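Visitor: For reference, the sequence and a predicted model appear below.
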Amino acid sequence: MKVLLSSDQIQARILEMGQEIAADYKGGEPHLVGVLKGACPFMTDLAQTIDLPLTLDYIAVASYGKATKSSGEVKLVKDLDQGLEGRDLLVVEDIVDTGLTLNYLVNLLKARGPRSLKVVALLSKPARRLVTVHVDYVGFTIEDEFVVGYGLDYNERYRNLKDIVVYGG
């Protein structure tokens, strides 16, 4: 497997993103919602770089199963533990690929009345978009390659890699 983004590159970019978010939300208290399971390492590291009071929650959706391509169908697997009304919401994604999952989540969460809703994604893969979605904070834009590591998986494996690597099957 070829290293696409090293752990050092990832951590440096996350620090920049955290500082940008802290500046944008100065005086506020953003509520971060991580999309399970892939966003866990990213959200943990990102939260530690945002020098503001904040809260965390998690939501889980499924669209891949054991495949390397999205099924196109998205279903809610685990809902939030906290309400969103009147809060400044940051949806934290590991990767935005087809946009189907993010589109589903944004529509679902907007209906719950947050004051604001922005999206943070470690990776964006625009070549694969099937629907138009807006990502406010992007760590890295990548080509159309299947990647694993740093939370990203294939069949629940490789999430523990520190680097993001191109999966060769």
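Guide: Arrived safely, thanks for sending.
Visitor: Listing request: residues of the protein with sub-threshold pLDDT.
Guide: Of all residues in the chain, those with pLDDT under 70 make up the ranges 64-72, 169.
Visitor: all helices for it, in order.
Guide: For the chain, the helices identified by DSSP state H occupy 7-24, 40-49, 100-110, in order along the chain.
Visitor: So for L56, which of the ones you listed sits nearest?
Guide: Between L56 and the helices of the chain, the tightest spacing by CB to CB is seen for helix 40-49, at 6.3 Å. Where you see a C-beta, it was placed from the backbone N, CA and C, and this is true even at glycine.
Visitor: Isn't A22 up against L52?
Guide: Yes: look at A22 against L52 with CB atoms under 8 Å: they come within range, at 5.3 Å.
Visitor: Same list, the helices of the chain, but as JSON lines with mean neighbour count and distance to V74 please.
Guide: Supplementary listing: those in JSON lines, determined by neighbours: other CB atoms under 10 Å; distance: least, CB to CB, whole Å:
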{"stretch": "helix 7-24", "mean neighbour count": "16", "distance to V74": "25"}
{"stretch": "helix 40-49", "mean neighbour count": "19", "distance to V74": "19"}
{"stretch": "helix 100-110", "mean neighbour count": "18", "distance to V74": "4"}
